[in-house]
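Asks: Could you look at this predicted model? Sequence included:
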Amino acid sequence: MNWYLQSNNNSDVAVSTRIRFARNLNSFNFNLNKKEEIEQLEKVIKDNLYQIGYGLRFFKLKDMDDITKMSLVEKHLLSPNFVLKRNDTGSILINDEENICIMIGEEDHLRIQVFNCGLDLENTLNLAIELDEKLGDTLGYAISKKYGYLTSCPTDLGTGLKASVMIHIPALSKTKNTRRVLNTVNNFGINIKGIYGENSEDPGDMYQLSNQQTLGITENEIVNNLKIIVEKVIEQERQARKLLVKDELDLEDMIYRSYGILTNCRKISSDEVRDLLSNIKLGTDLGVLDELTDLKVKKLYLYTKPANMQKYLGQQYEAIERDIKRAEIIQKILNEK
């Protein structure tokens, strides 16, 4: 089962973990724009793919259909900017489990990404370092004794590491404490993003927390600092959930109203589903709603998104048709044994 359909002990609040390394090869210029240079970079990587291992396969973006590319964006494996700007020249390495995805030719030559469910920064970092060292030994990185790994963006200098955790904080939202907690987090040098927008209130109460500093600090220090902050947010969210549980009737009414709409709708938009699922996930995590499992909730999150829904059905649909088909998929997942 792919990582994004799995859960661990912290998955009620910490939905997923990502470790990303920005790397450049020492034998190529930075910010490659010429088609010939990009093709040469791809050739070097493909010629050495068997040495790299990890079940990685090479794909050019221009050879992938739009639905497949957008399905990877919806899973947060590819950045929207990468697909938009590098659609004709970009490429990726990805394994079947999709817990490893390397973007080739984004801002840097390589954006090495490793993913995991829940809050699992240490294990995810260990796998990323293992893969990173294999790639470095095979391809040769651009490194400075003074600055560390050289990157296209100065904010990535040093380790080139962005560690991030996706969190679900509906109780903080319902108790009007989201802004207070996230502002405090930001003061400790942590970046905050909505799922698709920087520093924005996001439908579904999902936010991504990541480190700001990459220079003058080790990979383990970055991960440990982020883990401490995320654990504090988890603690704040769980305290807010205890407050909600005190008003049991209102909480159950909110959760079961959302569940009722989801189970009886005949057409529904992806944004509305995301809002409803925030309440339903909260209800499932609290044990208020026992009609659903974690796996079903994760499937609902994934397969109601436009591109992944169409991948699931094996057919493309217009927007209005998608809203109808989305309701059908919801019923199918809810009725799975």
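Replies: Now that the structure is in, tell me what you want to look at.
Asks: all contacts plus neighbour counts: C-alpha atoms, from now on.
Replies: Noted.
Asks: how about the strands in this protein?
Replies: Here the chain has its strands, by DSSP state E, at 14-23, 57-60, 91-94, 100-104, 110-117, 143-144, 148-149, 161-168, 190-194, 206-211.
Asks: Mean pLDDT and distance to Thr124 added to those strands, as TSV?
Replies: As requested, the strands of the chain are exported to TSV (pLDDT from 0 to 100; distance: least, CA to CA, whole Å):
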stretch	mean pLDDT	distance to Thr124
strand 14-23	97	7
strand 57-60	96	20
strand 91-94	97	16
strand 100-104	97	10
strand 110-117	97	6
strand 143-144	92	23
strand 148-149	92	20
strand 161-168	97	9
strand 190-194	88	19
strand 206-211	95	14
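Asks: so which of those strands gets nearest Asp253?
Replies: strand 161-168 (20.3 Å; CA to CA).
Asks: roughly how far apart are Gly140 and Leu292?
Replies: 49 Å (CA to CA, to the nearest Å).
Asks: who has more neighbours, those two?
Replies: Taking other CA atoms under 10 Å, Gly140 and Leu292 do not tie; Leu292 has more neighbours (18 against 15).
Asks: I'd guessed that one sits against Leu334; true?
Replies: Yes. Using CA atoms under 8 Å, Leu292 and Leu334 qualify as a contacting pair, with a distance of 7.5 Å.
Asks: which neighbours do these two share?
Replies: Taking CA atoms under 8 Å, 6 or more residues apart in numbering as the contact rule, Leu292 and Leu334 touch no residue in common.
Asks: how about the strands of the chain in CSV, adding mean neighbour count and distance to Ser258?
Replies: Below are the strands of the chain laid out as CSV (neighbours: other CA atoms under 10 Å; distance: least, CA to CA, whole Å):
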stretch, mean neighbour count, distance to Ser258
strand 14-23, 26, 20
strand 57-60, 15, 40
strand 91-94, 22, 36
strand 100-104, 25, 34
strand 110-117, 24, 25
strand 143-144, 14, 52
strand 148-149, 18, 48
strand 161-168, 25, 17
strand 190-194, 20, 22
strand 206-211, 24, 17
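Asks: Make CSV out of these and add distance to Asp247.
Replies: Output for these, formatted as CSV (distance: least, CA to CA, whole Å):
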stretch, distance to Asp247
strand 14-23, 24
strand 57-60, 51
strand 91-94, 46
strand 100-104, 43
strand 110-117, 31
strand 143-144, 57
strand 148-149, 52
strand 161-168, 21
strand 190-194, 28
strand 206-211, 24
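Asks: Between those strands, which one is closest to Leu41.
Replies: strand 100-104 (8.7 Å).
Asks: Please compute how far the closest one lies from its chain's middle.
Replies: On the basis of CA atoms, centre = their mean, to the nearest Å, strand 100-104 sits 13 Å off its chain's mean C-alpha point.
Asks: Parallel or antiparallel, list what pairs with that strand.
Replies: With DSSP bridges as the test, strand 100-104 is paired with strand 91-94 (antiparallel), strand 110-117 (antiparallel).
Asks: And for that strand, what's in contact with it?
Replies: By CA under 8 Å, 6+ apart, strand 100-104 touches 42, 56, 77-78, 90-95, 110-115.
Asks: how far off strand 14-23 does that strand point, in degrees?
Replies: 40 degrees (axes from the mean of the first three to the mean of the last three CA atoms, to 10 degrees).
Asks: domain parsing for this structure?
Replies: 3-240, 248-334 (automatic domain parsing).
Asks: which one of those has the lowest average pLDDT?
Replies: Lowest mean pLDDT within those: domain 3-240, a mean of 92.
Asks: Look at it and report the distance between its end residues.
Replies: 28 Å.
Asks: again with stretch 109-126
Replies: End-to-end span of stretch 109-126 (CA to CA): 22 Å.
Asks: From the chain's centre, how far out is it? Work that out for me.
Replies: For stretch 109-126, the distance to the chain centre is 10 Å (CA atoms, centre = their mean).
Asks: same check, this time on stretch 92-107
Replies: 13 Å.
Asks: Please apply the same query to stretch 288-308.
Replies: 16 Å.
Asks: do the same with stretch 93-108
Replies: 13 Å.
Asks: ditto for stretch 225-232
Replies: With CA atoms, centre = their mean as the basis, the mean position of stretch 225-232 lies at 18 Å from the chain mean.
Asks: Show me which positions of that stretch end up buried.
Replies: By 16 or more other CA atoms under 10 Å, the buried positions in stretch 225-232 come out as Leu226, Lys227, Ile229, Val230.
Asks: rewinding a little: to Ile330, which of the strands paired with strand 100-104 lies closest?
Replies: Nearest of the strands paired with strand 100-104 (CA to CA): strand 110-117, 22.5 Å.
Asks: Please, where are all the helices along the stretch 201-337 of the chain?
Replies: Assigned by DSSP state H, counting those that start in this stretch, the stretch 201-337 of the chain shows helices spanning 219-246, 248-264, 270-286, 294-303, 306-313, 319-334.
Asks: Of those, which is nearest Lys85?
Replies: helix 306-313 (19.1 Å).
Asks: The closest one packs against which elements?
Replies: helix 66-74, helix 294-303, helix 319-334 (3 or more CA pairs under 8 Å, 6 or more residues apart in numbering; DSSP states H and E).
Asks: Appreciated, that's everything.
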